[in-house]
Structures are given as C-alpha cells and as structure tokens.
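In: what's the 3D shape of this:
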Amino acid sequence: MRYALGLEYDGAGFLGWQRQRNTSTVQESVEKALGVVANHPVTVICAGRTDTGVHARGQVVHFDSTSERTARQWMLGVNSNLPDAVRSVWIREVDDSFHARFGAYSRSYRYTIMNRWVRPAIGTAYYGWCRDPLDEQRMNTAAQALAGRHDFSAFRSAGCSAQHATREVTDISVERQKDLVIIDITANAFLYHMVRNIVGSLVTVGRGERPVNWFHEVFEGRDRKAAGVTAESQGLCFMHVRYDRKYALPEQEVAFPFAAPKSGS
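Out: You can find the predicted model right below:
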C-alpha cells in the first residue's frame, strides 16, 4: 500500500533533509518514526530536498507499507515518535502511480527577510536579515524577468547535480509586510541553492547597489560568478507542492513563519 504524507518541520536543528551517516536529518527522523508504526523499515521519497537550516510547511513524501493501519493510527503513532521539530499534518492512501518527487506539478518557496536596523532577537531561525533599507518594489520589478521557462545557470550553485538548468517559474513576487520583505516563488522544479541565489541578487538591487537592469543582465548572462551572494538558509521555507487533483491531497495553507512584528519594535 502506498501513502502520501504531509510534513512540516523546523530545519534549524537538522543538517538538511537527506539521510546522512552520523548526522541528524529530517528524512532519518521521519523514516524511524514510520518504521516504529509500520513495524518494518520504511523509506520515504520527498517532493523536494531542503538544505541545512531550511524549513518546511508543506513538504510531501510518499512511502510503501504492507502494514494495515488507519489514518488516525499512522498520524498518532508517527507524531509520538517524531522529534518536536517535525510533525505529520495529514496522511492519505494513494495508488501506486503517485510519486512525491516526479509527480509534482510545481513547488513553492518563500524567503523572508527581516529588514530593519537591529538584528531580531525573536525568530532568528526563521528570517534572513538585512540592516540596510530595501526597496521591495525595485526587487519585485527585477524579479519579473524570471517568469517563464528559462536557463537559470546564473543562479545555479556549484555541486548541482541536475542534468540541465532549464526551469519554468510560474509565479514570483516581492512584497513588504511591515519590517518583513517576503519573496515568493513557484516553479516546476528548482536547482541547488536557486532560490537563495536569486534572493541574494535581488537584495543587491533592493539596496540600490545595482540597477534593475543589472539583475536582468546577470540572469541572461548565465554566469553564477556575476550574480549576488547566496542568501542565508534560515530565511527559506518550503511552502507548497501541487499534484494532480485526482489524488485528492489536502490543500496546504500558505502562512508566514511568524506574524510580522510592529515596525521599529
């Protein structure tokens, strides 16, 4: 029997999603918890692997099990065996055609920047931080060059194992909520560090260090060395995955990691 499982997790205490030897990862935690409930070893396939310090509100995995359990038994059993930083939020029985990674139509990420002079004391594990004022309208204008199907080599980090750099961005926006600048991006798939590299270049434009056209030129030039620095990992959150509606998976709520604090607080 195949199951789809929805997860949320705080990535601050993990060395990323993917199982590694002698390190704490989200995948390892989830597989151990499922194995206890199933009473046999379980391997999970995720919609998108996250790096060290990256969070998720809408991660989706699938796994196979011969054990007969109700949805309630899976949920209660798994969550009672997971660390506090990881939770299963739903589970659905699916047919064997479902694949969490290859069946995903799109994935959505959110990067949140605390934009004020003072570094935040609360929620530091959930925000990038920029001391200098950011012009989110300039950032949003620059970001629109990414919409559509393009070669994203300019924002592809070394070590990326993807066969090619072509990806299709279906939606991207930059907006402000009080002291927070929020970058939302949805695409069919992402390259290694792609979102964080995009954010680093957008911040350069938002600070006024470079014009909007510079971002366009960097993107079209396909040279990673010409782009901005890679943004910090803790500001990134994996928000949502979209699949064929025939699987009837729950709609995941897109929410801010934290409510925006009052300006100047």
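In: which SSE is the one residue sitting closest to the centre of the chain in?
Out: Closest to where the C-alpha atoms of the chain average out (C-alpha atoms, centre = their mean) is residue 238, at 2.3 Å. Per DSSP states H and E, residue 238 falls inside strand 236-242.
In: now residue 87
Out: Counting by DSSP H and E, residue 87 is found in strand 86-94.
In: Can you list the strands that the very next helix or strand once past that strand pairs with?
Out: Using DSSP H and E, the helix or strand that follows strand 86-94 in sequence is strand 106-115. Next to strand 106-115 in the sheet, as set by DSSP bridges, lie strand 128-130 (parallel), strand 180-187 (antiparallel), strand 236-242 (antiparallel).
In: Looking at these, which one is packed in the most?
Out: strand 236-242 (a mean of 24; mean count of other C-beta atoms under 10 Å). The way it works is simple: take the backbone N, C-alpha and C, and place the C-beta from them, glycine included.
In: Could you pull up the mean pLDDT of that one?
Out: The average pLDDT for strand 236-242 rounds to 96.
In: Next: stretch 112-129.
Out: Taken as a whole, stretch 112-129 has an average pLDDT of 93.
In: what's the answer for stretch 177-195, then?
Out: Stretch 177-195 comes out at a mean pLDDT of 96.
In: Run a quick check on residue 25 versus residue 18, I expect a contact.
Out: Yes. Contact status for residue 25 versus residue 18: in contact at 6.1 Å, counting by C-beta atoms under 8 Å.
In: contacting residues for residue 59?
Out: Residues in contact with residue 59, defined by C-beta atoms under 8 Å, 6 or more residues apart in numbering, are 6-9, 17, 46-48, 50, 238, 241.
In: one step back: so what secondary structure elements neighbour the strand holding residue 87?
Out: On a contact count with 3 or more C-beta pairs under 8 Å, 6 or more residues apart in numbering; DSSP states H and E, strand 86-94 meets strand 2-9, helix 26-38, helix 71-81.
In: Can you check what angle separates that strand from helix 26-38?
Out: Relative orientation of strand 86-94 versus helix 26-38 (axes from the mean of the first three to the mean of the last three C-alpha atoms, to 10 degrees): 60 degrees.
In: Listing partners with orientation, what would you give for strand 86-94?
Out: strand 2-9 (antiparallel).
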